[in-house]
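>>> Provided below are the primary sequence and the corresponding predicted coordinates.
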Amino acid sequence: MLICFAIAGFWLVVFALSFLHDRRLFKNAIFLVLTLMFAGLGVIFAIQAVSDTAARLLVVAILAAIPVLIAVLAVFLVINGVTMLRREGRRPANLLSLLLGLAIIGFVIFSVLVRTIDWEPLAAIWSLLFGILTYVSFLFLCFLVYAFVYSRVRSSRKIDFVVVLGAGLRGSRVPPLLAGRLDRAKRVYDRAARRGRPPVIITSGGQGPDEDIPESHAMATYLIERGVPADRILREDKSTSTWENLTFSRELMIQRQPRYRCLIVTNNFHAFRAALTARKAKINGQVVGSPTAAYYWPTATIREFVAVLWSHKYLNGGICLLIAAGAITQHV
């Protein structure tokens, strides 16, 4: 018990130091989840010291809940995937939750098949898949937990700029997803203005092939119509990606005020990855998210996680290869 709490305390200290240094680090997510895991084990051992039966029942309940949660998750993802296709169209990105739900169901069926058929190559494939899925699931858990924590940490420091990331237009009209970002930016602006220090809002987004005007121009018009002074808005109208949103906006901020501090506004599902990107772009600022429609959040979150995995593809690929090698070696 004491060992588990000591290990949890160690990871908590590591997390706190890393978080205070820079909260925009994925390793913070890993440190936090390790803290929670060992603290949870410590609680179980503490309960065992009082009542062995209660501890056993708790462990059994946790183990029994796992397959139930997996089944519920698979069904939820399939239903959500169908909803996404109906509301957002049949684009590949909208298939993610449906495909993940079907993949979970497929793996469960495959696991039953492996236990039914005593064939070593099949068992080796199962071990390989199970090892990789366990690793990816752990990272996904870290991503979800820390994204939740990151989105709820607020800073009272003075900001000089509010950067609003573009999200696509419908012709020349601001769609609901982007409107949510702009509304959040206006709330940030109004709060700072009431304190006598109104920031400059940078609307960031170029013109896509199916858009009548640059995103930044439509975004600026939206804000002006809702009371933001035109002279407090800068338009960054060349970017075509989040990286360009941030790097081009950084150039504008440095030109105006080299020692700036900013706040970046996006949707809640995108906030943590945007923060990771902002750190790479050497931007002095944190990220806040605006609400997203409930049906859209699962697919968008999966997409964000895949993007984070891909940004560390060599590290994650190497670890997956080691897991695969270990799984195959066990069955040789």
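Right, received. Where do you want to start?
>>> for the stretch 1-150 of the chain, which spans come out with low pLDDT?
Scanning the stretch 1-150 of the chain for pLDDT under 70 picks out nothing.
>>> switch the cut-off to 80
Within the stretch 1-150 of the chain, the set of residues satisfying pLDDT under 80 comprises 1.
>>> ranges for the helices of it?
Under the criterion DSSP state H, counting those that start in this stretch, the stretch 1-150 of the chain carries helices at the ranges 2-21, 26-50, 52-88, 96-116, 120-151.
>>> name the helices or strands packed onto the longest one?
Spelled out, that is helix 52-88. Judged by 3 or more CB pairs under 8 Å, 6 or more residues apart in numbering; DSSP states H and E, the packing partners of helix 52-88 are helix 26-50, helix 96-116, helix 297-311. Just so you know, the C-beta spots here come from the backbone N, C-alpha and C atoms, and that holds for glycine as well.
>>> quick one, what contacts the nearest residue to A307 once chain neighbours are set aside?
Leaving aside its chain neighbours, A307 sits nearest to R273 (5.9 Å; criterion: CB to CB, 6 or more residues apart in numbering). For R273, the contact set (CB atoms under 8 Å, 6 or more residues apart in numbering) comprises T242, E304, A307, V308.
>>> got CSV for the helices of the stretch 1-150 of the chain, with distance to M219 too?
CSV is the format used below for the helices of the stretch 1-150 of the chain (distance: least, CB to CB, whole Å):
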stretch, distance to M219
helix 2-21, 32
helix 26-50, 29
helix 52-88, 21
helix 96-116, 27
helix 120-151, 22
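>>> which one of the ones you listed lies nearest to S204?
The closest of these to S204 is helix 120-151. By CB to CB, the value is 20.2 Å.
>>> buried stuff in stretch 26-42?
26, 28-39, 41-42 (16 or more other CB atoms under 10 Å).
>>> contacts for it next, please.
Against stretch 26-42 from outside (CB under 8 Å, 6+ apart): 1-2, 4-5, 7-8, 11-12, 14-15, 18-19, 138-139, 141-143, 145-147, 149, 276, 308, 312.
>>> dump it to CSV, restricted to CA.
Only the C-alpha atoms of stretch 26-42 are listed here, as CSV (Å, rounded to 0.1, in the frame of the first residue of the first chain):
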residue,chain,number,x,y,z
PHE,A,26,1.9,15.3,-24.0
LYS,A,27,4.2,13.7,-21.4
ASN,A,28,2.2,15.6,-18.7
ALA,A,29,-0.8,13.4,-19.7
ILE,A,30,1.3,10.2,-19.1
PHE,A,31,2.6,11.5,-15.8
LEU,A,32,-1.0,12.3,-14.6
VAL,A,33,-2.4,9.0,-15.6
LEU,A,34,0.4,7.1,-13.9
THR,A,35,-0.3,9.1,-10.8
LEU,A,36,-3.9,8.2,-10.9
MET,A,37,-3.2,4.5,-11.6
PHE,A,38,-0.8,4.0,-8.7
ALA,A,39,-3.1,6.0,-6.4
GLY,A,40,-5.9,3.7,-7.3
LEU,A,41,-3.9,0.7,-6.5
GLY,A,42,-2.9,2.2,-3.2
